[in-house]
Structure formats: C-alpha cells, structure tokens
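Peer 1: I need the structure of the sequence given here:
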Amino acid sequence: MKVIKTLAGGLAGACVLTLTHETIRRFVPDAPRMDVLGMRAISKGMEKADVAPPSNDDKLHTWALVGDVISNSLYYSFTGTGKKAILRGAFLGVNAGLGAVYLPGPLGLGNAPSKRTPKTKAMTVGLYLLGGLTAGTVGCLWSNKK
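Peer 2: A predicted model of the protein is given here:
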C-alpha cells in the first residue's frame, strides 16, 4: 500500500507541474519550454534508433507531455510518505529544476527552452519545486490516513 501512496504523490506532483507549465507557457513570454525539450529528446532518441519521429508536431507534443508525466511521476514518488515528505519534495524539486536548467545544453537539446533569461531559469526551478512540494504534501497527507 505504501508504494501506491508514494506513486500517487508522484503523480500529483507531475500533474501539477505539467498543468502549471502548460498554462504559464501560453501567457508568459519568458516561460520555460520544457515541452520543446521533451520533443527534441524524443526526436533525437528515435533518430538514434533509426526510427522516424512523428512528422506531426501535435503528436510529438502529446508524446512529450505523456513522457514528462510518467518520468516526473516516478521521480517525485521518491518523496515518499511521512513527516519529512515535504522536505524531500522540496529537495527533489529544486534539484530537478537545476537539472532542467543546466543539463539540456550538454545533452545536445539546446539551452533556450529553460535558460533563455534569468526569469526563465527561475521559473524552471520554481515549477519543479512546485511539483516536488505537491508530491511531498500528498505523501505527508497520505501518511496521516489509516
């Protein structure tokens, strides 16, 4: 049962992160574009495997969002449950945000989507922190349930 609770917290954090990101990117010019990074990663991975990526950007965007939710759910599930889940969520969120700012360039995915301006960097870290805090809060609340 504990595994289900931690996965539920991870899923909550990933969904809040993705929904917030998708909303902000439509209204804020300096918003991070993690969806673009996801699309680039999928395309590059498929090309390396000698498979043609989807030519339709909408389909590729959907794949990127689904991949983000799945991978972030698993990552945020490490917040666990209990009194320190929120602290673990904050730690995981900040580290995911810093990774999202500083790793895409060396991975060949480009810097602009998450590192374009100081505001973009701050929003990137803030979004992942929000996801981690959400996962930790859900994990903490689940630990109080019998």
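Peer 1: For this protein, name the helix or strand with the lowest mean pLDDT.
Peer 2: helix 112-115 (a mean of 91; mean pLDDT, DSSP states H and E).
Peer 1: helices and strands around that helix, which ones?
Peer 2: helix 34-48, helix 85-102, helix 118-143 (3 or more C-beta pairs under 8 Å, 6 or more residues apart in numbering; DSSP states H and E). (Glycine included, C-beta is placed from N, CA and C.)
Peer 1: which other residues reach that helix?
Peer 2: The list of residues contacting helix 112-115 from outside it, by C-beta atoms under 8 Å, 6 or more residues apart in numbering, reads 32-34, 36-37, 100-102, 104-105, 120-121, 124.
Peer 1: With stretch 88-102 instead?
Peer 2: 9, 13, 32, 34, 37, 72, 75-76, 78-80, 114-115, 121, 124-137, 139.
Peer 1: Rounded mean pLDDT for it, please.
Peer 2: On average, the pLDDT along stretch 88-102 is 97.
Peer 1: again, but for stretch 24-36
Peer 2: Per-region confidence: stretch 24-36 scores 95 on mean pLDDT.
Peer 1: Show me which positions of that stretch end up buried.
Peer 2: Neighbour-count burial for stretch 24-36, counted by 16 or more other C-beta atoms under 10 Å, picks out Arg25, Ala31, Pro32, Arg33, Met34, Asp35, Val36.
Peer 1: Alpha carbons of it, as CSV, please.
Peer 2: Output of stretch 24-36 as CSV, limited to C-alpha atoms (Å, rounded to 0.1, in the frame of the first residue of the first chain):
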residue,chain,number,x,y,z
ILE,A,24,2.2,29.6,-18.0
ARG,A,25,3.9,29.0,-21.3
ARG,A,26,0.7,30.2,-23.1
PHE,A,27,0.7,33.6,-21.3
VAL,A,28,4.3,34.4,-20.2
PRO,A,29,6.8,35.3,-22.9
ASP,A,30,9.8,34.2,-20.8
ALA,A,31,8.2,30.9,-19.7
PRO,A,32,10.3,27.8,-19.9
ARG,A,33,9.5,25.4,-22.8
MET,A,34,10.1,22.0,-21.2
ASP,A,35,7.7,20.6,-23.8
VAL,A,36,10.2,21.6,-26.5
